[in-house]
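Student: Fold the following for me, if possible:
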Amino acid sequence: MSAEQVLWEYDAVGQAELVRKGDISPFDLVEAAINRLEKVNPQINCVAEKTYEQARAAAKAVDRDAPLAGVPFAIKDLGIAQKGVITHSGSRAPVFVPDFDSVLTERYRAAGLIPIATTTSPEYGLRLMTESAAFGVTRNPWNTGHTTGGSSGGSSSIVAAGVVAAAHASDGGGSIRVPSACTGLVGMKTSRGRVPLSPLVTESWYGFVVDHVVSRTVRDSAALLDLTHGPDPLAPYAARPPKGTFAAAAARDPGRLTLAVYRGSPLGLEISKETLAALDTAVALAREGGHSVEEIDLPYIGRQFMADFAGSVASAVAGLLRMERVRNGRDIAGDVERASRVLGRYGELRTAGEIYAGLERLHAASRQLISETAKYDAVLMPIIAHPPLAVGAMNPKGADELIENLLDKLRLTWLLKFPQFFGQLLDKSLWFTHWPAIQNVSGQPSIAFPVHLTETGLPLGVQAAGRPGDEETLYSLAGQLERISGWDKRRAPFHVPA
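Tutor: Now for the predicted structure:
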C-alpha cells in the first residue's frame, strides 16, 4: 500500500499504529500528505499558509513514543497561535506573527501530530461559508461547485479530500459542526472550558467559542480530545473532568439511552426535505441502536434568542476591530470586508447596557434549556437547513447588495437599531444555519455526524447535543451509530488513489 493510500484508508489512530509498527515512517507519511495537498489544493483552495519545511523537520525529529507520532495534521488560520507562522484570520488586514505557541498547539505537538499547513477561514470566522476577499472560495471535495461550510471550511475540506485524517477547527456559532455537516465528517463542539484557548485569549465571543477538530471517525475525535483537554493556569474556567477517557467512551456500547428530537426552526424559517430526511435517518439509526426517541419543542429558543446572539457577536467584532486598530497603530476598517465593517459598526451602536441585557436573556434561556432537557441523554436536531449550498449562494445580490452598500458607504448602520431591519439581516445571515448557535450560548457539547447523503450525492449531517460536560455519552452514541451505519468508510469521490 502506498503512503497516499494510507492517508486515504486510515484514520489518525490507524496511521499512528502503522508508524508504531514500523510499517511507514513519519517522514514518508508527511511527504505523502504534502504531495497530495499540492495535487488537490488547486481545486479546493483550502490552504492559508504552507508549513512544509517545518513539517519535514518535525517528521525527522518526532518522538516515536508519542501517541500520534508522525500523523500529518492541519491547523485553522484563526484563533490559535503557532510560533513564527503567519496568521491571517481570513482577512486582508495586517497579519499577526506570534512569537509563542498556544497551549493547544503545544498539546498537538506533544501528541506527535505534524502540522503541514494552516487552513482557510472566512474573515474572522464570521460566515458559515468559507469564502473571503483574502483567499477566495474554499470548495467541497464532494462537489467543488458547493460550499465546504464555515468557518472551519478549510479544515473540513483538507480532511474530506483525504490529505489529513483530522484538522484543528473552532466553533463560535456552528463553525465545527456546519463544515462537518457539509463534508461528511465528525465534529465535536466541546463543552465550554474543555480545551483552553490561552495564552492567545482567555475566552472569545463571551465564551461562545470552543476549539477541537473535524475528523473522519469518532475514535479520532475522541482520541484527540483525550490528548488536548484539561485546565490551563491562564484559563478562566474548565469543564468538569470526564469519568474515563473519551476514547473508551467512543468504543463502548452506550446502553439504552433516552433521546429527544427537535425538528423546529428557532427562526421560523424554511427547513428542506433533505434536512428532515437526514434527521429521520439519525432517528432510525438511534432506534436501531435500541434507544427511545421522543419529539420535543423548544419554544423559548426563538427569534429573540438568535437576535441576542447576533448582537453579542456584533459587539465582539466591534471590540476586535478596536484592538486591531491599537495593534496596528491605525484604523483597519478599510482593510476588512464590507460585511465585517457593517457588523462592527452595528456593534459600536449597542450600549453596554443593551449588550449586558442581551447576554442575561441568553443565559436565562440557556438555564431553562439545560434544565428542561436534562432528562434526555442527548437531543437530536439539524445543523444546516438545506443541503450544502452552491458557492457564492450567501453573497448579497441585487437589492440586498445595494442595501449593504448603502449601510456601509452612507454609514446608515443605525437603521439596524430598528427590529424590522435587523430581523431581515438576521434571516439573510442565518437562513442556512438556524440551530448551531444554541449550544455555543449554553456551553453544552454537541457532536455532528454524517448520517445522510442527498439525492445528488452531497453529505448532510445532523447533531446530537448533550448535557454540559458530558461528551462521553455523545461519543458513545456517535461511535455506536458509526458502527451501525459504516459512515467512517465513506469518502468523497475526489482524486481517489490508484
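
Student: Now do the strands in the stretch 151-300 of the chain.
Tutor: Along the stretch 151-300 of the chain, counting by DSSP state E, counting those that start in this stretch, strands occupy 166-171, 186-189, 210-215, 258-262, 292-296.

Student: By mean pLDDT, which helix or strand of the protein comes out lowest?
Tutor: Within the chain, no helix or strand scores below helix 399-409, which has a mean of 87 by mean pLDDT, DSSP states H and E.

Student: State the phi and psi torsions of residue 379.
Tutor: phi -120, psi 120 (degrees, to the nearest 10).

Student: Could you do residue 380 as well?
Tutor: phi -80, psi 140.

Student: Then residue 91?
Tutor: phi -120, psi 160.

Student: show me what contacts residue 153?
Tutor: 46, 120, 121, 122, 129, 130, 138, 147, 179, 182 (CB atoms under 8 Å, 6 or more residues apart in numbering). Any C-beta I mention is one placed from the backbone N, CA and C, and that applies to glycine too.

Student: which one of the residues you listed sits closest to residue 355?
Tutor: residue 122 (23.4 Å; CB to CB).

Student: That closest one reaches residue 149, doesn't it?
Tutor: No: taking CB atoms under 8 Å as the definition, residue 122 is not a contact partner of residue 149, at 10.2 Å.

Student: Can you give me the neighbour number for residue 386?
Tutor: Residue 386: 18 surrounding residues under other CB atoms under 10 Å.

Student: what's near enough to touch it?
Tutor: Residues near residue 386 by CB under 8 Å, 6+ apart: 272, 274, 275, 432.

Student: So residue 222 sits against residue 475, correct?
Tutor: Yes: counting by CB under 8 Å, residue 222 touches residue 475, with 4.9 Å between them.

Student: Would you mind listing the residues touching both of those two?
Tutor: 246, 249, 250.

Student: can you tell me which of the residues you listed are in helices?
Tutor: Of these, the ones assigned to helices by DSSP state H are 246, 249, 250.

Student: tell me the pLDDT at the nearest residue to residue 481 once chain neighbours are set aside?
Tutor: Ranked by CB to CB, 6 or more residues apart in numbering and with sequence neighbours excluded, the top spatial neighbour of residue 481 is residue 285, at 4.8 Å. For residue 285, the pLDDT comes out at 98.

Student: Check the burial of residue 366 by counting its neighbours.
Tutor: Based on other CB under 10 Å, the number of other residues close to residue 366 is 20.

Student: Quick one: residues contacting it.
Tutor: 441, 442, 443.

Student: Just the element for it, please.
Tutor: helix 352-372 (DSSP states H and E).

Student: Can you tell me how far the residue most central in space within the chain is from residue 339?
Tutor: Closest residue to the average C-alpha location of the chain: residue 176 at 1.4 Å, with CA atoms, centre = their mean. To residue 339, residue 176 is 22 Å away according to CB to CB, to the nearest Å.

Student: Now do residue 281 against residue 454, distance only.
Tutor: Residue 281 is 11 Å from residue 454, where distance means CB to CB.

Student: Please disregard the earlier target; I meant residue 258.
Tutor: 30 Å.

Student: quick one, which of those two is more surrounded?
Tutor: residue 454 (18 against 12).

Student: surely that one meets residue 387?
Tutor: Yes: counting by CB under 8 Å, residue 454 does reach residue 387; the two are 4.7 Å apart.

Student: what residues do those two have in common as contacts?
Tutor: Common neighbours of residue 454 and residue 387 (CB under 8 Å, 6+ apart) are 274, 460.
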